[in-house]
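Trainee: need coordinates for the below:
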Amino acid sequence: MESPTTSSSFPSGFRYPRKASFVVVNLYSKVPFEDDRFVEVLEFRPSSQGILHHAGAYIVDIPQGAEIVDGRLVMPAGVAESTAETAPRGEQSVFSLAGTSKLISYVPCRGLERHRPGTGKRIAARKYIRWNMHYQTNGRPMTDRTELGVWFNSKEVTHEILNRSSARMETYIVEGKEIPLELKDGKWRRGRIPNIPPYVNSWKIVQVQPIPEAITFYGMSPHMHLCGKDMKYVMTYPDGRDEMILNVPAYSFEWQLYYELTEPLHIPAGSKLTATAHCDNSLYNPYNPGPHLPVYWAEQSWDEMFSPQIRITIDSQDLTNTDTDSEQ
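Mentor: Model (predicted):
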């Protein structure tokens, strides 16, 4: 599958100022299947890697009344594109409401993921692939044609791979202070994470994710930007035992890897996953473009992100279970 061709042109020598807007393009193509399909391997392959900061492929619905014209979403008058909805799933749980539509991400050194036989990512029929493309200038006109390679499952799929769990359940702690949830537009959302101050070299942020139902845990992909210093994942079991499942002591934006466990972990309900990271906005960070400035939470590389992504399946969501009888 291919995305529509994108191109852009900037003046020679053009550079974004630190607070400038970024070039993010959303393109859409119709899923060419009449039935849901599961894929064991996905590869996100851009043709112009030098200008692609990151990208993602998502399965989505488009809003009623919208249409796709030359790969672009044309909305009804007065409706913003952000109202495009993720594809609904036939089976939901409180733990898996978010992240189910994402197929794969592309970042430096990561664009291919292979899932274990019997598990896979769902490509929902009659939906759309949203190609979320974030480009950065290199001073020359460039054209990109990105491809998405899929290898269908060779064995029966028993469980659907989910990229992460519901953000509404996570607790964030910054420099020892919890970020409270805020009620916005009738929904509870995480409050704003403070900017990283100038010249700090070990600014700490923690995410605590409760595990309310049994899962199988396959791997992790830590994501930060140029101030990212380190990240570790610790699983705490109901009996109070801690297990370090990943420690990245020297994070590099240029080597953003997916870490797959040798053997999947079976995590009981009542556990919690804690991801801890530090950011370096000091003179000691050779990749830092402006240690004298605060760092904002946004898309550009000189901004920052803290995204401890995971790959899991929900044990109770066995796709081969056809028993539809209601519980007595």
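Trainee: quickly find the element holding I310.
Mentor: Counting by DSSP states H and E, the element that carries I310 is strand 307-314.
Trainee: show me what that strand is packed against.
Mentor: strand 159-160, strand 215-223, strand 271-279 (3 or more Cβ pairs under 8 Å, 6 or more residues apart in numbering; DSSP states H and E). C-beta coordinates here come from the backbone N, C-alpha and C atoms, glycine included.
Trainee: could I get the ones you listed in JSON lines, plus columns for distance to V150 and mean pLDDT?
Mentor: Formatted as JSON lines, these follow (distance: least, Cβ to Cβ, whole Å; pLDDT from 0 to 100):
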{"stretch": "strand 159-160", "distance to V150": "15", "mean pLDDT": "94"}
{"stretch": "strand 215-223", "distance to V150": "18", "mean pLDDT": "94"}
{"stretch": "strand 271-279", "distance to V150": "29", "mean pLDDT": "97"}
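Trainee: of all those strands, which lies closest to D242?
Mentor: strand 271-279 (8.6 Å; Cβ to Cβ).
Trainee: listing partners with orientation, what would you give for the closest one?
Mentor: strand 203-211 (antiparallel), strand 228-236 (antiparallel) (DSSP bridges).
Trainee: just want the angle from the strand holding I310 to strand 228-236.
Mentor: Using axes from the mean of the first three to the mean of the last three Cα atoms, to 10 degrees, the inter-axis angle of strand 307-314 relative to strand 228-236 is 30 degrees.
Trainee: before we move on, back to that, will you turn the strands paired with strand 271-279 into CSV that also has distance to I62?
Mentor: Below are the strands paired with strand 271-279 laid out as CSV (distance: least, Cβ to Cβ, whole Å):
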stretch, distance to I62
strand 203-211, 31
strand 228-236, 34
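Trainee: can you add mean neighbour count and give these back as JSON lines?
Mentor: Formatted as JSON lines, those follow (neighbours: other Cβ atoms under 10 Å):
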{"stretch": "strand 203-211", "mean neighbour count": "19"}
{"stretch": "strand 228-236", "mean neighbour count": "20"}
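Trainee: right, so of these, which gets closest to D315?
Mentor: Once the strands paired with strand 271-279 are compared by Cβ to Cβ, strand 203-211 is nearest, at 10.9 Å.
Trainee: work out the gap between the closest one and the centre of the chain.
Mentor: Centroid separation for strand 203-211 versus its chain: 16 Å, with Cα atoms, centre = their mean, to the nearest Å.
Trainee: that one vs strand 215-223, what angle?
Mentor: Going by the same axes, to 10 degrees, strand 203-211 makes 160 degrees with strand 215-223.
Trainee: what does strand 203-211 contact?
Mentor: 95, 165, 169-176, 193, 196-197, 227, 267-281, 306, 308 (Cβ atoms under 8 Å, 6 or more residues apart in numbering).
Trainee: just the CA trace of it, in PDB.
Mentor: The C-alpha trace of strand 203-211 is given here as PDB (Å, rounded to 0.1, in the frame of the first residue of the first chain):
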ATOM      1  CA  TRP A 203      14.900  16.400  34.900                       C
ATOM      2  CA  LYS A 204      12.700  13.500  36.000                       C
ATOM      3  CA  ILE A 205       9.300  12.400  34.700                       C
ATOM      4  CA  VAL A 206       7.400   9.200  35.700                       C
ATOM      5  CA  GLN A 207       4.400   7.500  34.200                       C
ATOM      6  CA  VAL A 208       2.500   4.900  36.300                       C
ATOM      7  CA  GLN A 209       0.100   2.600  34.400                       C
ATOM      8  CA  PRO A 210      -2.200   0.300  36.300                       C
ATOM      9  CA  ILE A 211      -2.900  -3.100  34.800                       C
END
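Trainee: leaving aside the residues next to it on the chain, what's closest to L261?
Mentor: Excluding its sequence neighbours, the residue lying closest to L261 (Cβ to Cβ, 6 or more residues apart in numbering) is G219, at 5.7 Å.
Trainee: ok, now how distant is the one you found from Q309?
Mentor: As for G219, its distance to Q309 is 9 Å (criterion: Cβ to Cβ, to the nearest Å).
Trainee: so the two - more neighbours on which side?
Mentor: G219 (21 against 16; other Cβ atoms under 10 Å).
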